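Undergrad: Sharing a sequence plus its predicted fold:
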Amino acid sequence: MSNEMKLPKRIGIAIVEHDGKYLIGVRQATQTLAGKAEFPGGKCLPEESAADCAVRECQEETGLDVRVQKMIYEIEHRYSHDVVALQFWLCELIDTDKADSLAPFVWRSREELTELDFPDANGPVIQLLLETESA
Ligand SMILES: Nc1nc2c([nH]c(=O)n2[C@@H]2O[C@H](COP(=O)(O)OP(=O)(O)OP(=O)(O)O)[C@@H](O)[C@H]2O)c(=O)[nH]1
């Protein structure tokens, strides 16, 4: 099916903030957009809310339990591989004493966000994080 005909896939993304840093990984060689920086997240299961998806994907990918605070941005984006409807949820650690994440996810400072190579659809939300004192 041509990309124009595709319905957007719903994606839930967790922007986990802790001590002024953000949890960020790198897309694997086997994934689309390989090598790009990414927040934990993925495709929503049928009937799963994007917020629940963000929490689940974060647990699976980083090993960390988070709770959502608020949705800070949503955007629909057409990649050559897919059309996605992304919801970015600001999240916090449930247990702030347990911040050790599974590789390749690491804590990155706000300043580092500008240096990382994120997928195109992340541009506006990165801008928002940089502009907001405490998002
Ligand atoms: N996890 C994550 N995905 C993102 C971000 N920004 C962004 O555009 N995406 C896109 O949202 C989709 C997330 O789905 P996914 O992570 O489950 O994709 P996947 O690699 O398992 O399967 P895929 O081969 O269809 O990409 C991908 O198309 C990815 O490119 C981000 O910051 N984090």
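TA: The structure has been received and is ready for your questions. Numbering: from 1, shown residues only.
Undergrad: switch to C-alpha atoms for all contacts and neighbour counts from now on
TA: Noted.
Undergrad: I figured Ala99 hits Asp65, correct?
TA: No - applying CA atoms under 8 Å, one finds Ala99 not in contact with Asp65, separated by 9.4 Å.
Undergrad: Mutual contacts of these two, please.
TA: Leu93 (CA atoms under 8 Å, 6 or more residues apart in numbering).
Undergrad: Just the CA atoms of the strand ranked longest in the chain, as PDB, please.
TA: Under DSSP state E, the strand in the chain containing the largest number of residues is strand 66-78. Extracted in PDB, the C-alpha atoms of strand 66-78 (Å, rounded to 0.1, in the frame of the first residue of the first chain):
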ATOM      1  CA  VAL A  66       7.600   5.400  35.500                       C
ATOM      2  CA  ARG A  67       4.300   7.300  36.000                       C
ATOM      3  CA  VAL A  68       2.900   9.800  33.500                       C
ATOM      4  CA  GLN A  69       2.600  13.400  34.500                       C
ATOM      5  CA  LYS A  70       1.100  15.000  31.400                       C
ATOM      6  CA  MET A  71       1.100  14.900  27.600                       C
ATOM      7  CA  ILE A  72       3.400  17.600  26.300                       C
ATOM      8  CA  TYR A  73       3.200  17.200  22.600                       C
ATOM      9  CA  GLU A  74       1.500  15.300  19.800                       C
ATOM     10  CA  ILE A  75       2.300  15.200  16.100                       C
ATOM     11  CA  GLU A  76       1.500  13.200  13.100                       C
ATOM     12  CA  HIS A  77       4.500  12.400  10.800                       C
ATOM     13  CA  ARG A  78       5.000  10.700   7.500                       C
END
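Undergrad: Now do that strand: which elements does it pack against?
TA: On a contact count with 3 or more CA pairs under 8 Å, 6 or more residues apart in numbering; DSSP states H and E, strand 66-78 meets helix 50-62, strand 83-93.
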